[in-house]
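Undergrad: Structure of the sequence below:
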Amino acid sequence: MEKGNNVTVFILLGISKNKNIEILCFTLFLFCYIAICIGNLLVIISITSSQLIEQPMYFFLNYLSLSDLCYTSTVTPKLIIDLLTERKTISYSNCMIQLFTTHFFGGIEILILTGMAYDRYVAICKPLHYTVIMSRQRCNTVILACCTGGFIHSASQFLLTIFLPFCGPNEIDHYFCDVYPLLKLACSNTHIIGFLVIANSGLIALLTFVVLMLSYVFILYNVRVHSAESCSKALSTCGSHITVVVVFFAPALFIYIRPGTTFPEDKVLALFYTIIAPMFNPLIYTLRNTEMKNAMRKVWCRHTVLE
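TA: Sure, this is the predicted structure:
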C-alpha cells in the first residue's frame, strides 16, 4: 500500500464497523440517492421546460438542484458501494479528486444559496426595481461568480492538502476524503495548515451564513410596516430558503469553524450536507411552493398526454 515514503492507497473506515448497521445504511442511503436524483432532476426538467426559468428565483433554484446533484454524486455512490465491501479503499489520486470536487460543488452551493437570498431581498424590499436589478445578465453573472468562487475555494483546499507528506498510517476515519481527516494522517506539523483551513472553509461558511441571516433581518425589517398578509407572504417566500440554509450550514459550521480536529460525530453530521440536504431541497422547494407544483403538474401532464 505504500510506495517509497508515500501512501498510495487510503483505507476508509466508513460509518460503522457493525455489518448489520452497514446493511441498514446501504438500504437507507441507496433510497436517499435515488430520491436525490429523481427529485433534483424533476426540479431541473420542470423549471427548464416551463416559463419559471425566466424568473430569477427559479433560475437560481435550477442551478441549486444541479449543484446538489453533482455535489452528492461525488460522495454518495462510493459510500453506498463501500457499505457492501469488507475493505473500503481509495487511491491517493482519487482521494484528491474527491476532495477537490466535493469542495468545488459544495462551494458553488453555498454561494448560490447566498445569491438566492439576495434575490429574495430585492424582490421583497425593492419590488419596483426587481426586474432591472435581477436582469438575466445579472443572474448569469451571479452564477459565473458562484462557479469561480467555488473553484477558488476548492483549489485552496486542494493545494493545502496535495503537498502533505503521508508516510505512516493510511486509515481515514471518515466515509470520504476531507481535509481534517487527512491532516490527522500527515506526518508533519499541520497546525498552520489547520488554521488556513479554518480561514478558508470555516470563515467562508460563517460569513456566508451571517450574510444570509442579515438578509432575512433586512427583509423582516422592511415588511414590518406592511399588512399581516404581506408579512405572511414574505415569510412564506423565505421560509423554504431558510430551512435549506439551516440544514446545510449548521453541521458544516460545527465541523469547519473549529481547529483541525476530528470527532466521531463528524461523520454523522457530514451526512446532513452530503445526503440529507440534497434530498430534502427539492421537497422543501416544491411542497411549499404553489408555482413550482403547478409547473411540475403542467410539464409532466403534457408529457403524459403526448405519449
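Undergrad: For the lengthiest helix in the chain, the averaged confidence score.
TA: Secondary structure of the chain per DSSP state H: the longest helix is helix 92-125. Taken as a whole, helix 92-125 carries a mean pLDDT of 91.
Undergrad: repeat for stretch 22-32
TA: Stretch 22-32 comes out at a mean pLDDT of 94.
Undergrad: Skipping adjacent residues, who's closest to Phe248 in space?
TA: Of all residues not flanking Phe248 in the chain, Ala277 sits nearest, at 4.5 Å (Cβ to Cβ, 6 or more residues apart in numbering). For the C-beta atoms, the positions are set from N, CA and C on the backbone; glycine is no exception.
Undergrad: Follow the chain on from the helix or strand harbouring Ser154 and name the next helix or strand.
TA: Ser154 belongs to helix 136-162 when elements are defined using DSSP states H and E. Beyond helix 136-162 on the C-terminal side, the first helix or strand identified by DSSP H and E is strand 171-172.
Undergrad: Who are the contact partners of Ile44?
TA: Ile44 sits next to Asn62, Ser65, Leu66, Leu69 when contact means Cβ atoms under 8 Å, 6 or more residues apart in numbering.
Undergrad: mind redoing it with 6 Å?
TA: Contacts for Ile44 (Cβ atoms under 6 Å, 6 or more residues apart in numbering) come out as Asn62, Ser65.
Undergrad: element containing it?
TA: Using DSSP H and E, Ile44 sits within helix 19-48.
Undergrad: mind listing what's buried in that helix?
TA: 22, 25-26, 29-30, 32-33, 35-37, 39-40, 42-47 (16 or more other Cβ atoms under 10 Å).
Undergrad: What are the buried residues along the longest helix of the chain?
TA: 92, 95-96, 98-125.
Undergrad: Just checking the distance from that helix to the centre of its chain.
TA: 6 Å (Cα atoms, centre = their mean, to the nearest Å).
Undergrad: Run through this protein and note the low-pLDDT ranges.
TA: For the chain, residues meeting the criterion pLDDT under 70 lie at 1-6, 224-237, 259-261, 287-288, 302-307.
Undergrad: Report the contact partners of the one residue sitting closest to the centre of it.
TA: Nearest to the geometric centre of the chain sits Gly106, at 4.3 Å (Cα atoms, centre = their mean). For Gly106, the contacting residues are Tyr71, by Cβ under 6 Å, 6+ apart.
Undergrad: distance of it from Cys167?
TA: Applying Cβ to Cβ, to the nearest Å, the value for Gly106 to Cys167 is 29 Å.
Undergrad: Likewise for Asn289?
TA: Using Cβ to Cβ, Asn289 is found at 53 Å from Cys167.
Undergrad: Tell me which of the two has more neighbours.
TA: Asn289 (20 against 14; other Cβ atoms under 10 Å).
Undergrad: and the nearest residue to the more buried one once chain neighbours are set aside, how many neighbours?
TA: Leaving out its chain neighbours, the residue that sits closest to Asn289 by Cβ to Cβ, 6+ apart is Ser240, at 6.6 Å. By other Cβ under 10 Å, the residues close to Ser240 number 21.
Undergrad: Please apply the same query to Phe10.
TA: 24.
Undergrad: Reduced to three states, what does it come out as?
TA: At Phe10 the chain is in strand, as set by DSSP: H, G, I helix; E, B strand; the rest coil.
Undergrad: Please name the residues that touch it.
TA: By Cβ under 6 Å, 6+ apart, the neighbours of Phe10 are Ile90, Cys95, Asn170, Ile172.
Undergrad: contacting residues for the first one?
TA: Residues counted as contacts of Ile90 (Cβ under 6 Å, 6+ apart) are Phe10.
Undergrad: Can you report how many residues lie near the nearest residue to Tyr33 once chain neighbours are set aside?
TA: Distances taken as Cβ to Cβ, 6+ apart put Thr76 closest to Tyr33, at 4.8 Å, once the chain neighbours are dropped. Applying other Cβ under 10 Å, we find 23 residues neighbouring Thr76.
Undergrad: Please apply the same query to His241.
TA: With other Cβ under 10 Å as criterion, His241 counts 23.
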